[in-house]
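Colleague: have a look at this fold, sequence not included:
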């Protein structure tokens, strides 16, 4: 994090490159056994056991209104913490840690889908594609916003 750079763990969701601040990522997991939770919101895939801790698994594809992942594809997840609780964010794949100068960070373009804007703090332009920066707090705040809207 020297020289005014920000570091992000890169992930892919339905082909879209996304970044999550590296300091917020606690673990990267390969496919895990997930137990369904009855009556949970659609984005909650279930729970998993991570070294004796119960971790809520969030399906980011459902959270962002994306199509289902091919059933033969192995899902991966990254573990983050929110309000003292661990969450496993189900993703398509995880990439490298990339570092960007702070001054190259941009606000979300107005053309970015509203669902993505709701959970993103901004973007970085890369050669040939945009990296959407996801905010863990906004990704995991869906329960309250849906309840308030009802």
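Modeller: Nice, thanks for sending it over. This is a predicted model, so every value here is computed, not measured. Numbering: from 1, shown residues only.
Colleague: so what's residue 50 up against?
Modeller: 27, 29, 32, 79, 86, 88 (C-beta atoms under 8 Å, 6 or more residues apart in numbering). Quick note: C-beta positions are derived from backbone N, CA and C, even for glycine.
Colleague: okay, helices next: where are they in the chain?
Modeller: Counting by DSSP state H, the chain has helices at residues 60-63, 114-119, 136-139, 142-149.
Colleague: which stretch in the ones you listed is the model least sure about?
Modeller: Looking over the helices of the chain, mean pLDDT reaches its minimum on helix 142-149, with a mean of 49.
Colleague: the residue nearest to residue 124 when sequence neighbours are not counted: neighbour count?
Modeller: Excluding the flanking residues, the one nearest residue 124 by C-beta to C-beta, 6 or more residues apart in numbering is residue 131, at 4.6 Å. By other C-beta atoms under 10 Å, the residues close to residue 131 number 20.
Colleague: cool, the one 10 residues further on as well?
Modeller: Burial measure for residue 141: 15 neighbouring residues, criterion other C-beta under 10 Å.
Colleague: leaving out sequence neighbours, find the closest residue to residue 138.
Modeller: residue 119 (4.5 Å).
Colleague: how near is the one you found to residue 41?
Modeller: The spacing between residue 119 and residue 41, counted by C-beta to C-beta, to the nearest Å, is 15 Å.
Colleague: more neighbours: which of these two?
Modeller: Under the neighbour definition other C-beta under 10 Å, residue 119 and residue 41 were set side by side, and residue 119 has more, 21 against 13.
Colleague: now do the contacts for the more buried one.
Modeller: 63-64, 134-135, 138-139.
Colleague: and the strands in this protein?
Modeller: Using DSSP state E, the strands of the chain run over residues 5-13, 16-21, 25-29, 44-50, 53-59, 76-82, 85-91, 93-101, 120-126, 129-134.
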